[in-house]
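Enquirer: Sequence first, predicted model second:
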Amino acid sequence: MQNCLIKQDGGICDVVWKDGHESSYHSTWLRYNCQCKKCFREFSGTYTIDILSLPEVLSVTKAEVHNEGKALKTWFQGESPHMTEHDADWLRSQCYCDNCLDCDIIKRDVINSQKCAGKLPTVDYNTIDKDEERFKFNVLKQVVDSGICLIQNVPITPGQVLKVASMFGPIYSTLYGNIFDVLDRKAENAAYTNLLLPFHQDQPQYESMPGVQLLHALRFDSSVTGGESQILDLFRAAETFRRENPKYFQTLCEVPCKFETMDKKRSHPVFQEHQKPHFVVDYFGKLVAVNWHPGIAVATRVRFDDVPRYYEAYRGFLKLLERKEGMFEFRLKTGDLIIFNNRRVAHARSAFENNGGVRHLQGTYINLDDLKSNYMTLAIKLGENVTPPKVGNGSSF
């Protein structure tokens, strides 16, 4: 930090940085985000400011650069005993000029800049013995960059998927429990049959659907024909849809879909429904969430005039997904485990015949926020220079 200047009768404080960049901060923003020891508890990362006790109109009366450019200190009218403090590095990282915001959005926009295509990202489980933290980071980086990672040579012990999942975050329990078995048992759930499964995300009927899914192949006999796994980047598909059919894209942002799971026959009956749009766009116009599962998308209840345009747009996106652009397609082997971002990618399965063999996967979920947190903290610990990514959980950053 090189210099600072009060403007607009104390309503703005400009900061000039040593690289020539200029930042402007509103007085209200500076005071509400004060990082002095009284206002900000570093150990818990929480603010203790009583905003309503402050003047409604805040004016900076004095501003100074301190500690050889490493800190900004400001004083406000009506608060003579209090001195507002900000670390220079933190202040620069929070600059909200158009240029800095745009650059930060682009840097974090991993979902749209990466292409979910080409060779399936793979990590060998045996490398965990050499360096467990490096193994975990390598897996997380693939999930962040491409939406999926295949981990090979995972021990074929029942419940092993829970052990692997716990490396990346706490288990996320759903109506299927902490762990579930995917094999042909002619059940009501289509996943537990040998039928084809179209592209979908798991369980969008939840207010917050599972963020990360893991599937471990305990057994996949060579006699089984079919049953290939398919992964498609829904964010890439949605952006293609926006370019090619902006009217349809907007419709699926505005008119919601109802996702529903009703099961009275279970030992613990289920009544779950949630109506939300297929696409969510944020304040900056960026796609930040996708909700997609044709199998549990039931009769949507919307205004009369919106029904035709909703189904027209819905069919349009289904047709686009049939192009399978950028799709990963692969056949799991016994001992393979896939971990993927359920908010970002859709998964599908081709129909299969057992032919006397067995296709048995075990699955579980973890929270996407925990995965992102572990990715960032491991990167810092290992000295990796990474940018906090968008992960498809509805957040702009």
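Expert: Alright, I've got the coordinates.

Enquirer: got the domain boundaries for the chain?
Expert: Residue ranges for each domain of the chain read 3-96, 110-382, as given by automatic domain parsing.

Enquirer: Counting neighbours, what do you get for the closest residue in space to L183 that isn't next to it in sequence?
Expert: Counting by C-beta to C-beta, 6 or more residues apart in numbering, the nearest residue to L183 once its immediate chain neighbours are dropped is H360, at 4.3 Å. C-betas here are computed from N, CA, C, even on glycine. Taking other C-beta atoms under 10 Å as the neighbour definition, H360 ends up with a count of 19.

Enquirer: same deal with R331?
Expert: A count of neighbours around R331, defined by other C-beta under 10 Å, yields 14.

Enquirer: Kindly report the same for the one 3 residues further on.
Expert: Residues lying near T334 (other C-beta under 10 Å) number 16.

Enquirer: before we move on, what about A165?
Expert: The criterion is other C-beta under 10 Å. On that basis, A165 has 25 neighbouring residues.

Enquirer: same deal with K381?
Expert: For K381, using other C-beta under 10 Å, the count is 10.

Enquirer: Then the one 3 residues further on?
Expert: If you count neighbours by other C-beta under 10 Å, E384 ends up with 13.

Enquirer: ok, it to T377 distance?
Expert: From E384 across to T377, the span is 11 Å (C-beta to C-beta, to the nearest Å).

Enquirer: same thing with E353?
Expert: Using C-beta to C-beta, one gets 45 Å for the distance from E353 to T377.

Enquirer: more crowded one of those two?
Expert: Neighbour totals were compared for E353 and T377, and E353 leads with 14 against 11 (other C-beta under 10 Å).

Enquirer: Any idea what that one is bridged to?
Expert: Beta bridges link E353 to T225 when assigned by DSSP bridges.

Enquirer: returning to what we had before: ok, the residue nearest to L183 - contacts?
Expert: Contacts were defined as C-beta atoms under 8 Å, 6 or more residues apart in numbering; by that measure H360 touches D181, V182, L183, A217, L218, R219, F220.

Enquirer: what's the next secondary structure element after the helix or strand hosting it?
Expert: Under the criterion DSSP states H and E, the helix or strand holding H360 is strand 359-366. The helix or strand immediately downstream of strand 359-366 is helix 368-382, counting by DSSP H and E.

Enquirer: for that following helix, what is the average pLDDT?
Expert: The predicted model assigns helix 368-382 a mean pLDDT of 97.

Enquirer: can you list the residues that contact it?
Expert: For helix 368-382, using C-beta under 8 Å, 6+ apart, the contacting residues are 133-134, 136-137, 140-141, 143-144, 168-170, 211-212, 341-343, 384-386, 388-389, 391-393.

Enquirer: Same check on stretch 330-340?
Expert: The contact list for stretch 330-340 (C-beta under 8 Å, 6+ apart) reads 120, 125, 139, 143, 147-156, 160-161, 164-165, 168, 212-221, 227-229, 231, 347, 361.

Enquirer: Buried members of those residues into PyMOL, please.
Expert: Applied in PyMOL, the following selects the buried portion of these according to 16 or more other C-beta atoms under 10 Å:
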select buried, resi 120+125+139+143+147+148+149+150+151+154+156+160+161+164+165+168+212+213+214+215+216+217+218+220+227+229+231+347+361
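
Enquirer: Please flag which of the contacts of stretch 330-340 sit within helices.
Expert: With helices taken from DSSP state H, the overlap with these comprises V139, V143, Q160, V161, V164, A165.

Enquirer: any weak-confidence spans in this structure?
Expert: Applying pLDDT under 70 to the chain picks out residues 110-118, 187-188.

Enquirer: Span of stretch 11-29 from start to end?
Expert: Start-to-end span of stretch 11-29 (C-alpha to C-alpha, to the nearest Å) is 10 Å.

Enquirer: Centre of the chain to that stretch, how far?
Expert: Taking the mean C-alpha point of stretch 11-29 and that of its whole chain, the gap between them comes to 31 Å (C-alpha atoms, centre = their mean, to the nearest Å).

Enquirer: Over to stretch 182-199?
Expert: Per C-alpha atoms, centre = their mean, the displacement of stretch 182-199 from the mean C-alpha position of its chain is 27 Å.

Enquirer: Dump that stretch to PDB, restricted to CA.
Expert: Below are the C-alpha coordinates for stretch 182-199, written out as PDB (Å, rounded to 0.1, in the frame of the first residue of the first chain):
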ATOM      1  CA  VAL A 182     -26.100 -50.800  -6.100                       C
ATOM      2  CA  LEU A 183     -26.800 -54.200  -7.600                       C
ATOM      3  CA  ASP A 184     -29.500 -55.900  -9.600                       C
ATOM      4  CA  ARG A 185     -32.200 -57.000  -7.100                       C
ATOM      5  CA  LYS A 186     -35.300 -56.000  -9.100                       C
ATOM      6  CA  ALA A 187     -36.200 -53.300  -6.600                       C
ATOM      7  CA  GLU A 188     -38.400 -50.200  -7.000                       C
ATOM      8  CA  ASN A 189     -35.400 -47.900  -7.300                       C
ATOM      9  CA  ALA A 190     -34.200 -48.100 -10.900                       C
ATOM     10  CA  ALA A 191     -30.600 -47.900  -9.800                       C
ATOM     11  CA  TYR A 192     -31.100 -51.300  -8.100                       C
ATOM     12  CA  THR A 193     -32.100 -53.000 -11.400                       C
ATOM     13  CA  ASN A 194     -30.200 -53.800 -14.600                       C
ATOM     14  CA  LEU A 195     -32.000 -51.100 -16.500                       C
ATOM     15  CA  LEU A 196     -30.500 -48.100 -18.300                       C
ATOM     16  CA  LEU A 197     -30.200 -45.000 -16.200                       C
ATOM     17  CA  PRO A 198     -30.400 -41.600 -18.000                       C
ATOM     18  CA  PHE A 199     -28.200 -38.700 -17.000                       C
END
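
Enquirer: Before I go, just wanted to say thanks for your time.
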